[in-house]
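Undergrad: How does the following fold in three dimensions:
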Amino acid sequence: MESIGRHLLRDAAYGRLRGAIVDGTLAPGTALRPDELAGRLGLSRAPVREALARLAGEGLVETKPQSWTRVTEVVTKDVEDAAAVVGAMHDLAVRAVAGGMTADQVERMRQANARFAAAVAAGDVEAALDADDEVHAIPLLACGNTAATGTVERYTPMVRRAERLLFTSPQAARSVRLHDELIEALAARDEARAIAVNAEIWGHLHHSVNL
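TA: Numbering: from 1, shown residues only. This next block holds a predicted model:
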């Protein structure tokens, strides 16, 4: 049985490396040397190697055995595929909850979108990404489908690359408006409108991949 300590170290290495890849600290093409990374993270090589293997499975890292490990380049097709999967999970969630969102859930979405709008206006991409996650996490968690939430967690890092482009472009204001429209549709329990707006949101992200 795997020890709790090893599990925590592996997750810590994974979280920090994934964050550095997604935010660009570890840029596409950067060589990843386990010994060097272990030193920088203050960890042993084992959890770092396990984290790199997990990141390779998620498409953020690529490895040539006995040769090199590096951050993958941003490939439009890969990002599009990830965005399509994540969008499908959010569509499933909206369909499941559109007729029964509580007033508290709707209000929390409004507050998150207000934070998103403020972050976009301030040019704070990290805060915008966090607030965007909050907006979409509420219906996702409300639907109670753990397979959907797990799939979103799995593919979100790839989607982040497109969201960074979108949230730093003039098109970001449209994301604020689309969030507002989704929230109001959910508040009105207008299932058809909520589904349509959600599809537009993820179509908007797809467009940003090709900006």
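Undergrad: Assumed Glu62 was part of a helix.
TA: No. Glu62: not assigned to a helix; according to DSSP: H, G, I helix; E, B strand; the rest coil it is strand.
Undergrad: Just grab the bridge partners of it for me.
TA: Arg70 (DSSP bridges).
Undergrad: Pretty sure Ala53 is one of the things it touches, is it not?
TA: No. Assessed by CB atoms under 8 Å, Glu62 is found out of contact with Ala53, at 11.6 Å. Heads up, the C-betas are built off the backbone N, CA and C, glycines and all.
Undergrad: And the pLDDT for Leu141?
TA: Confidence at Leu141, expressed as pLDDT, is 96.
Undergrad: Likewise for the one 3 residues further on?
TA: Reported pLDDT at Gly144 in the predicted model: 94.
Undergrad: For it, give me phi and psi.
TA: When read as degrees, to the nearest 10, the backbone of Gly144 gives phi 70, psi 20.
Undergrad: And for Gly100?
TA: Here Gly100 shows phi and psi, under degrees, to the nearest 10, equal to phi -150, psi 30.
Undergrad: what's the answer for Ala148, then?
TA: Dihedral angles for Ala148 - degrees, to the nearest 10 - are phi -70, psi -50.
Undergrad: What number of residues are in the vicinity of the residue lying closest to it once chain neighbours are set aside?
TA: Spatially, and ignoring its direct neighbours in sequence, Ala148 is nearest to Met89 (4.4 Å; CB to CB, 6 or more residues apart in numbering). Using other CB atoms under 10 Å, the number of residues around Met89 comes to 24.
Undergrad: Identify the residues contacting Met89.
TA: Met89 sits next to Leu140, Ala148, Thr149, Thr151, Val152 when contact means CB atoms under 8 Å, 6 or more residues apart in numbering.
Undergrad: how about stretch 122-132: buried residues?
TA: For stretch 122-132, a neighbour-count test (16 or more other CB atoms under 10 Å) marks Val125, Ala127, Ala128, Leu129, Ala131, Asp132 as buried.
Undergrad: Turn these into CSV, columns for secondary structure, pLDDT and distance to Trp68.
TA: Listed next are those as CSV, based on DSSP: H, G, I helix; E, B strand; the rest coil; pLDDT from 0 to 100; distance: CB to CB, whole Å:
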residue, secondary structure, pLDDT, distance to Trp68
Val125, helix, 85, 30
Ala127, helix, 91, 35
Ala128, helix, 90, 34
Leu129, helix, 88, 30
Ala131, helix, 94, 37
Asp132, helix, 92, 34
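Undergrad: Tell me the one of those residues nearest Ile201?
TA: Nearest to Ile201 among the buried residues of stretch 122-132, counting by CB to CB, is Asp132 at 9.8 Å.
Undergrad: which residues sit in contact with the closest residue to the closest one other than its chain neighbours?
TA: Of all residues not flanking Asp132 in the chain, Phe116 sits nearest, at 5.5 Å (CB to CB, 6+ apart). Contact analysis of Phe116 by CB under 8 Å, 6+ apart lists Ala128, Ala131, Asp132, Glu134, Val135, Ser175, Val176, His179.
Undergrad: Please name the nearest non-neighbouring residue to the last one.
TA: Read it as His179. Asn113 (4.4 Å).
Undergrad: ok, now the fifth one?
TA: Nearest non-adjacent residue to Val135, counting by CB to CB, 6+ apart: Ala112, 4.6 Å away.
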